[in-house]
Each structure stands twice: as C-alpha cells, then as structure tokens.
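> One predicted model, sequence on top.
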Amino acid sequence: MKSKASVIIGSIFAAYVAFVAVVVLVYEPTPDEMDWEDRQVYNSQKLNDLTLGQDISAVKTLFGKADFTEAKSLKEGQLQVLFYRTHHEKSDGVTTKEECTPLIFKDDKLVAWGDDTYKQYLDAGTDIVSRTAKEVESSSKN
C-alpha cells in the first residue's frame, strides 16, 4: 500500500514540477504586467527595435500603455507623443516625463524619438504642448 501511495505522490509532484517549468520557460508578461523597474529596462531595450515610419499601433503593441501622452492637430496633420519610462531619476514613487523617452508620431507614423528631438519640435514652433484658449482665440483673430 505504501509503495502505491509513494508512486502517486511522486507522479503528482513530477507533474507539478513539469507544469511550473513550462510556465516559467514559456510565459512572458506584457509590459503592462511588469513592475516599474522591469518595464523601464524592457522599454530601454525595445527602443533599439524602433524604426522610423513604424505605425503607432505596432509601437503600442510593443511597449504597452504609455505613461504620458500628448497630441496636437496641425494644418499639416496630427502630432501625437507617447512617453515611456526608460530611466530612473529619483525614488519618489511617481513616474515623471523626465524619466520617460518621448516617441513622436505624425499621422500615426513614428517620425522621431528622444529628448533632443522632442525639444527641437518644441523650439521649432511645432510644439506638441496644447495651447491655452486665449492663445487659440488671439491667433484666430489675426
């Protein structure tokens, strides 16, 4: 009787170990399921996989939900910026834009990424930061 119980318990244990091994080897969490440290490393690595002209939906699939977003409609098209956390600034429990890399899209196609490029867009007058109601009103009167 003891030997049958030992075989059954051993078989169940072996099946459990096999199941755990398969899950550990096969399962990959999505970026949205990762903690901030793992996601930060993941995002930094995935920046190398980006190509200009890439569709926004492909980028969202690769990176998951953005930490911050901005958008603006221009005469030439629509601009959208997705910010993904890629580097640690200070341990305050809050992700800020300074800890993120901006990805800039024009008409849903990736046109640039990085802090320097984002600053160039802001400095060139194609700023992505939305204007106030007064600025919109005064520009429409001119």
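On my side now, so go ahead.
> Now do the contacts for residue 105.
56, 59, 79, 80, 81, 82, 111 (Cβ atoms under 8 Å, 6 or more residues apart in numbering). (Each C-beta comes from the backbone N, C-alpha and C, glycine too.)
> Mind picking the lowest-pLDDT entry from those?
The member of those with the lowest pLDDT is residue 79, at 87.
> Quick check: chain neighbours aside, which residue is closest to it?
Excluding the flanking residues, the one nearest residue 79 by Cβ to Cβ, 6 or more residues apart in numbering is residue 72, at 4.9 Å.
> and residue 52, which of the three is it?
Three-state call for residue 52 (DSSP: H, G, I helix; E, B strand; the rest coil): coil.
> from the chain's centre, how far out does the helix or strand encompassing residue 12 sit?
Element membership for residue 12 (DSSP states H and E) is helix 2-26. In this view, helix 2-26 has its centroid 38 Å away from the chain centroid, taken as Cα atoms, centre = their mean, to the nearest Å.
> next SSE after it?
Helix 2-26 is succeeded, C-terminally, by helix 36-46 (DSSP H and E).
> Need the residue closest to the centroid of the chain.
residue 63 (3.7 Å; Cα atoms, centre = their mean).
> Give me the nearest residue to that residue, chain neighbours excluded.
residue 84 (5.3 Å).
> Look up which residues are beta-bridged to that neighbour.
residue 101 (DSSP bridges).
> Please name the residues that touch it.
With Cβ under 8 Å, 6+ apart, residue 84 has these contacts: 43, 63, 66, 67, 100, 101, 103.
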